[in-house]
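In: Sequence first, then the predicted structure:
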Amino acid sequence: MADFFIPGQKAREVLKRDIQMNTVRQGYIFEGSDGIGKKTVAREFAQMIFCSGDNKPCGKCHGCSMFNAGSHPDFFVLDQSPVKIDSVRDMNAELFVKPLIAERKVFIVDHADEMNNESQNAFLKSFEEPPYYAVIILITSSLSKLLPTILSRGTKVSFNPFSQREIEKFVSDKYSLTGARASFVARYSAGIVGRAVEICEDEDILEKRDGIIKAISKLSHEKVSILELSRAMGATGREAPTDADFYFDVFSSFFRDVAAIKAGGNIINTDYKDVIESFAANIRGSSARGVVEIVSQTKSDMSANIKAKMKYDLWIINMLIKCWEEIYGTGNRS
Ligand SMILES: [Zn+2]
């Protein structure tokens, strides 16, 4: 695998330079989409800081061995969603205890944007004036949720999505996926390697997508035609399947594509271009956009409703009825 397919390659170069020039900062803010590799790179950076070998991380020295065994006493990860204030206070206390075996002590705070204002304020002093040996890495997918005072004290390291061509090459090299299939994965993943890997490593998921698209193509003026689609979307029991988000995305992307075809835009499901085109011929663009809106609304209503996961089948059926009415509805909407 060529170097530049490694997640966060540009960020890695920046950090490597900090190590080589001995200019490691005390506060970093890693920002970028979920699944883009921020945490992986943060851990690797921590290991480089602890490594005493020449080619860091060497994987052989004492620091590396301890790190790889998950038992380095000067390495801390706060990984909570949302971040609890008690954990922030514990970390504050830990921060002022000198390192045990290394010269530095490294703290990673994942989901930093999920610290509420109280937690961020409790953490602020540590981040503003850390002890000389501390390196703190905040990880966030949303800079706007961090207090300006926190933002101004950290060195920002951005993780950018890959281009479609890069993801296509990646899935072709690593998973032997080519052609329209690879192109779909690239578009669907929106340049985020983690999402591409997720699809490629789940053997069933592409098949399930095929099932959903097939069921959509069989939708008709008969309302009962939504039943096959509901089964394809995993609504066979009360409990939501683990892949539910993906099903919503596939369903929604199909209708987004229909609207795009109507408007002469680019589609995501390139491997199903024919199916999308023939579906588009029989539905209004406004209906397709309406369906996308219904799906997005259902998804957000479901995530706001704690019990929704236990009534998944009902949610899906209700959503599909609304979508069906949007497409074939009795009214004369245009
Ligand atoms: Zn080492």
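Out: Ah, there it is. Numbers count the residues shown, from 1 in each chain.
In: make it CA atoms for all contacts and neighbour counts henceforth
Out: OK.
In: Around the ion, pick out the residues from this structure.
Out: For the chain, the contact set with the ion under Cα under 5 Å from the ion comprises 51, 53, 57-59, 61, 64.
In: Please, a PyMOL command that selects the buried ones among these?
Out: Selecting the buried subset of the residues of the chain next to the ion in PyMOL, with 16 or more other Cα atoms under 10 Å as the burial test, is done by:
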select buried, resi 51+57+58+59+61+64
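In: Looking at the residues of the chain next to the ion, which are in helices?
Out: The helices, defined by DSSP state H, take in residue 64 from the residues of the chain next to the ion.
In: With respect to residue 294, which of the residues of the chain next to the ion is nearest?
Out: Nearest to residue 294 out of these is residue 57 (Cα to Cα; 49.0 Å).
In: what's the closest one in contact with, if anything?
Out: 44, 47-48, 51, 64 (Cα atoms under 8 Å, 6 or more residues apart in numbering).
In: now for the lengthiest strand in the chain, which elements pack on it?
Out: Assignment by DSSP state E gives strand 134-140 as the longest strand of the chain. Packing partners of strand 134-140 (3 or more Cα pairs under 8 Å, 6 or more residues apart in numbering; DSSP states H and E): strand 27-31, helix 38-50, strand 105-109.
In: Residue 277 should be in a helix, yeah?
Out: Yes. Under DSSP: H, G, I helix; E, B strand; the rest coil, residue 277 sits within a helix.
In: burial of it, as a residue count?
Out: As a burial measure, residue 277 scores 14 neighbours (other Cα atoms under 10 Å).
In: after the longest strand of the chain, next one along is what?
Out: helix 148-153 (DSSP states H and E).
In: Dump that following helix to PDB, restricted to CA.
Out: C-alpha atoms of helix 148-153 as PDB (Å, rounded to 0.1, in the frame of the first residue of the first chain):
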ATOM      1  CA  PRO A 148     -12.500  29.900  21.800                       C
ATOM      2  CA  THR A 149     -10.000  29.900  24.700                       C
ATOM      3  CA  ILE A 150      -9.300  26.200  24.200                       C
ATOM      4  CA  LEU A 151      -9.000  26.700  20.400                       C
ATOM      5  CA  SER A 152      -6.500  29.500  20.800                       C
ATOM      6  CA  ARG A 153      -4.200  27.400  23.000                       C
END
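In: And it, what does it pack against?
Out: By 3+ Cα pairs under 8 Å, 6+ apart, helix 148-153 packs against helix 117-128.
In: Check whether residue 114 really touches residue 83, as I assumed.
Out: Yes. Contact criterion Cα atoms under 8 Å: residue 114 and residue 83 qualify, at 5.8 Å.
In: Report the separation between the residue in the stretch 201-334 of the chain that the ion sits nearest to and residue 263.
Out: Proximity of the stretch 201-334 of the chain to the ion (Cα to the ion) peaks at residue 201, 30.6 Å away. Residue 201 sits 34 Å away from residue 263, going by Cα to Cα, to the nearest Å.
In: Residue 118: how many residues sit nearby?
Out: Number of residues near residue 118 (other Cα under 10 Å) recorded here: 11.
In: cool, and residue 281?
Out: 12.
In: quick one, phi psi at it?
Out: Here is the backbone geometry of residue 281 (degrees, to the nearest 10): phi -70, psi -20.
In: check contacts around whatever residue of the stretch 101-250 of the chain ends up closest to the ion.
Out: Proximity of the stretch 101-250 of the chain to the ion (Cα to the ion) peaks at residue 102, 11.8 Å away. By Cα under 8 Å, 6+ apart, the residues touching residue 102 are 50, 63, 74.
In: what pLDDT, on average, does stretch 137-149 get?
Out: Mean per-residue pLDDT for stretch 137-149: 93.
In: Same question for stretch 232-251.
Out: Per-residue pLDDT over stretch 232-251 has a mean of 89.
In: What is the distance between it and the centre of its chain?
Out: 18 Å (Cα atoms, centre = their mean, to the nearest Å).
In: Many thanks, I have nothing further to ask.
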